[in-house]
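Chemist: I would like to see how this sequence folds:
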Amino acid sequence: MTAEYKVHGAVAVITLNNPPVNGLGLATRRAVVEGVKQAQGDAAVQAIIITGAGAAFSGGADIKEFGKESAMQEPNLHSVIAAVEQSTKPVVAAIHTVCMGGGLELALGCHYRIVAPGTSIALPEVKLGLLPGAGGTQRLPRALGVEAALNMIVSGETVKSEMLAMAPGQKLFDKLSASAESLAAEALALAQDVGERHAASSEPLPLVRNLPCKHPLGDAYFGFARNMVGGMSKNYPAPLKCVDAVEAATKRKIADGLLFERELFVNLMWTPESRALRHLFMAERAASKIADVPSDTPVRNVQKVGVIGAGTMGGGISMNFLNAGIPVTILETKQEALDRGVATIRKNYEAQVNKGKLKEDKYAQRMALLTTTLAYDDLKDCDLIIEAVFEELGVKEAVFTQLDAVAKPGAILASNTSTLDVDKIAGFTKRPQDVVGMHFFSPANVMKLLEVVRGKATAKDVLATVMKLAKKIKKTAVVSGVCDGFIGNRMIEQYSRQAGFLLDEGATPQQVDKAVEKFGFAMGPFRMGDLAGNDIGWAIRKRRATERADMKYSRTADKLCELGRFGQKTGAGWYDYQAGKRDAIPSALVEKLIEDHRKELGITPRKISDEEIVQRLVYALVNEGAHILEDGIAGKSGDIDMVYLTGYGFPIYRGGPMHYANEIGLGNVARAMERFAQNPLDDGKFWQPAPLLARLAAEGKSFS
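Modeler: This is a model prediction of the structure:
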């Protein structure tokens, strides 16, 4: 039962009841149409109310139906709205808490609308690469005015009901209720009143579709809007189509405008950008679900957090918890390091205050939650302790041995390691079940990704607690198994190896960077290396030389590091940098270093296309991603995509490396890999398609 029908005197009330946000799935749509029909046939009923149970009027489409036939099955949302509009008895929408997407479109089809203050109103379809497909682009401009409606539709952002109710000349809401609690009673009174009036009158019921819709500047306004929107949405077709649809509302009859909107909606559904954004939407929600950890797993209470290390990472991690109102104690070995760390946190917050992003009183509240210490004993009452110390196993051992001695029973002990073995770290304690990896990405107070590394002994309630806490500190958490580099860094190593081979064969750092940045990456591999510090990769390659002597690398990166060119922090890396600036300036010294290296190897440089650069870098991620799935390190391909979209600057409109490979076709990807394997200067062994990839390609299937 996804909608309830009850009669209160002369008013029938249809209550949407499809948790969590009363999504308009097929069963709910049928129930609304049936309810309207039942009320029409009941002589005692004079008016109808449509409202929502629980914490929403309606959030719109039911995400459980995404990609299924039932999403378009009759009655579709157009048919539901038509049934409401054609009702001979007035239909009142009693709107509260959340009214978005199809929920708002349904409300716009009702004859009257009463809304509770504080309700979140939006048409967010553009965030899925779509536009409102059930009349939103045609009815909202009529109810709210062209400019306000276009702003809402193009941005997809949420606006509070009281702001909209105050808009001059708006016909979106007939009444703002006194409070959320009084909405039901006020809606009933409104429905009784309009029901009696219309029962005694032959006046037609008011319809939003019949309201006029014009903009005084006409073509000039829409030309301006296109320039503005086009400049901000170059990789996304939906925003400009929203402008087209709203312009149609001002120039066409409503029936023609609705047909035009539908045509645009269907065309956008098939664009790769919309498929990528819908994949991201689903993958983000799926990432928080762990196959063998039920959603009702009890969680541990985290009221106080300890952070070991006051450097850039430790300070950034601390800010996440302070922002969420959770007290933090930072531990360091020296007072000067503590003072530096706290000064950096203050500087970060003061920058936000100066930009108007943070109020002074909030800044003061957050700093009041921060304490510092030089003694491990001061962490004894912490519920979660995260170490952010130097990336070396011996250093981690010293920290976890001391934590094991002072932390209270049941405290979660987390390592911010980016590559080290979490099982070995857990083995330094007598409580491996309480140990987990929490790999934050730098800058930790900004980057959304949190890799949650599950050790073989990590307790399920520890995982459930960390996943819940990630939401509280506004991170996208993705679970990884234990392996060298986890999901993100294990894959990026293959990407970086390919970048090095491309230099050996004839490319320049700037050509490689420009090619992948044109593809949509936020930053190419060489600019990224300079930002992160080339010495980090150097340390990994030195470790590889003893652990995996068979692993082949270009020597150019080592030669660069031998010159002390570690990147932005030393003022020179793959590029040159001017003091205080981050602009990457091509370096003649690096160009000569690469040329000399080629001569040593006897390589004649060749011209390499941008297409080959992109394919080798991206398909290296895909092949390693397939191995990661096969090894059980990632639970699903969408998790890998979330890691790359939120932590590594992969273009969102391409949906992540695994989704992108699906779009290209795994057969095409596998054939390209077989071609790369023939290159004697590359690593032919790596380019053997992972068994999972080879099997899916042969069967014509995809990772999803």
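
Chemist: show me what the lowest-mean-pLDDT helix or strand in the chain is packed up against.
Modeler: Least confident helix or strand of the chain, by mean pLDDT, DSSP states H and E, is helix 534-547 with a mean of 83. Where contact means 3 or more C-beta pairs under 8 Å, 6 or more residues apart in numbering; DSSP states H and E, helix 534-547 is packed against helix 556-562. To be clear about C-beta, it is placed using only N, CA and C from the backbone, and glycine gets the same treatment.

Chemist: give me the contacts around the helix it packs on.
Modeler: Applying C-beta atoms under 8 Å, 6 or more residues apart in numbering, the external contacts of helix 556-562 come out as 500, 503-504, 529, 534-535, 537-538, 541, 573-574, 590, 593-594, 597.

Chemist: any idea which helix or strand comes after that helix?
Modeler: Past helix 556-562, further along toward the C-terminus, the next helix or strand under DSSP states H and E is strand 575-576.

Chemist: quick one: mean pLDDT over that next one.
Modeler: Across strand 575-576, the average pLDDT comes to 94.

Chemist: which helix or strand lies directly C-terminal to it?
Modeler: Heading C-terminal from strand 575-576 (DSSP H and E), you reach strand 585-586.

Chemist: name the strands paired with that next one and say parallel or antiparallel.
Modeler: strand 575-576 (antiparallel) (DSSP bridges).

Chemist: how far does the partner strand sit from the chain's center?
Modeler: Between the mean C-alpha location of strand 575-576 and the chain-wide mean there is a distance of 32 Å, by C-alpha atoms, centre = their mean, to the nearest Å.

Chemist: check stretch 295-306 too.
Modeler: 23 Å.

Chemist: do the same with stretch 578-597
Modeler: 35 Å.

Chemist: ok, stretch 465-484 next?
Modeler: That offset, for stretch 465-484, works out to 14 Å (C-alpha atoms, centre = their mean).

Chemist: endpoint to endpoint, it covers what distance?
Modeler: Stretch 465-484 has an end-to-end distance of 24 Å (criterion: C-alpha to C-alpha, to the nearest Å).

Chemist: okay, helices next: where are they in the stretch 551-700 of the chain?
Modeler: Counting by DSSP state H, counting those that start in this stretch, the stretch 551-700 of the chain has helices at residues 556-562, 588-601, 610-630, 637-647, 657-664, 666-676, 691-698.

Chemist: rebuild those helices as CSV, extending it with mean neighbour count and distance to residue 518.
Modeler: What follows is those, written out as CSV (neighbours: other C-beta atoms under 10 Å; distance: least, C-beta to C-beta, whole Å):
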stretch, mean neighbour count, distance to residue 518
helix 556-562, 20, 23
helix 588-601, 14, 21
helix 610-630, 22, 7
helix 637-647, 27, 18
helix 657-664, 24, 15
helix 666-676, 18, 19
helix 691-698, 18, 26
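
Chemist: now tabulate the ones you listed in a markdown table and tack on distance to residue 159 and mean pLDDT.
Modeler: Below are those laid out as a markdown table (distance: least, C-beta to C-beta, whole Å; pLDDT from 0 to 100):
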| stretch | distance to residue 159 | mean pLDDT |
| --- | --- | --- |
| helix 556-562 | 50 | 93 |
| helix 588-601 | 51 | 95 |
| helix 610-630 | 38 | 98 |
| helix 637-647 | 26 | 96 |
| helix 657-664 | 31 | 97 |
| helix 666-676 | 42 | 97 |
| helix 691-698 | 44 | 96 |
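
Chemist: for those helices, give me TSV that also has distance to residue 248.
Modeler: What follows is the helices of the stretch 551-700 of the chain, written out as TSV (distance: least, C-beta to C-beta, whole Å):
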stretch	distance to residue 248
helix 556-562	55
helix 588-601	54
helix 610-630	37
helix 637-647	33
helix 657-664	30
helix 666-676	38
helix 691-698	42
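
Chemist: so which of those helices comes closest to residue 386?
Modeler: helix 637-647 (17.4 Å; C-beta to C-beta).

Chemist: convert that closest one to CSV, retaining C-alpha atoms only.
Modeler: Taking Å, rounded to 0.1, in the frame of the first residue of the first chain, the C-alpha atoms of helix 637-647 are listed here in CSV:
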residue,chain,number,x,y,z
SER,A,637,32.4,-1.4,-10.1
GLY,A,638,30.4,1.7,-8.9
ASP,A,639,32.6,1.9,-5.8
ILE,A,640,35.7,2.2,-8.0
ASP,A,641,34.0,5.0,-10.0
MET,A,642,33.1,6.8,-6.8
VAL,A,643,36.8,6.7,-5.7
TYR,A,644,37.9,8.2,-9.0
LEU,A,645,35.1,10.8,-9.2
THR,A,646,35.5,12.1,-5.7
GLY,A,647,39.2,11.6,-5.0
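
Chemist: please renumber so the chain begins at 42
Modeler: Let's use 42 as the start, then, which means that last one is helix 678-688.

Chemist: shouldn't residue 58 be in contact with residue 47?
Modeler: No - Residue 58 is not in contact with residue 47 according to C-beta atoms under 8 Å; the separation is 11.5 Å.

Chemist: for the two, indicate the residue with more neighbours.
Modeler: It is residue 58, of residue 58 and residue 47, that has more neighbours when counted by other C-beta atoms under 10 Å, with 15 against 11.

Chemist: how close does the more buried one get to residue 548?
Modeler: According to C-beta to C-beta, to the nearest Å, residue 58 and residue 548 sit 59 Å apart.

Chemist: please apply the same query to residue 655.
Modeler: 12 Å.

Chemist: cool, and residue 113?
Modeler: As judged by C-beta to C-beta, residue 113 and residue 548 stand 47 Å apart.

Chemist: and for residue 211?
Modeler: Residue 211 is 57 Å from residue 548, by C-beta to C-beta.

Chemist: which of these two has more neighbours?
Modeler: residue 548 (23 against 13).

Chemist: residues in contact with the closest residue to that one other than its chain neighbours?
Modeler: Leaving aside its sequence neighbours, residue 548 sits nearest to residue 649 (C-beta to C-beta, 6 or more residues apart in numbering; 4.8 Å). Taking C-beta under 8 Å, 6+ apart, we find residue 649 in contact with 543, 546, 547, 548, 552.

Chemist: can we see that at 10 Å?
Modeler: Contact analysis of residue 649 by C-beta atoms under 10 Å, 6 or more residues apart in numbering lists 543, 544, 546, 547, 548, 549, 552, 553, 556, 657.
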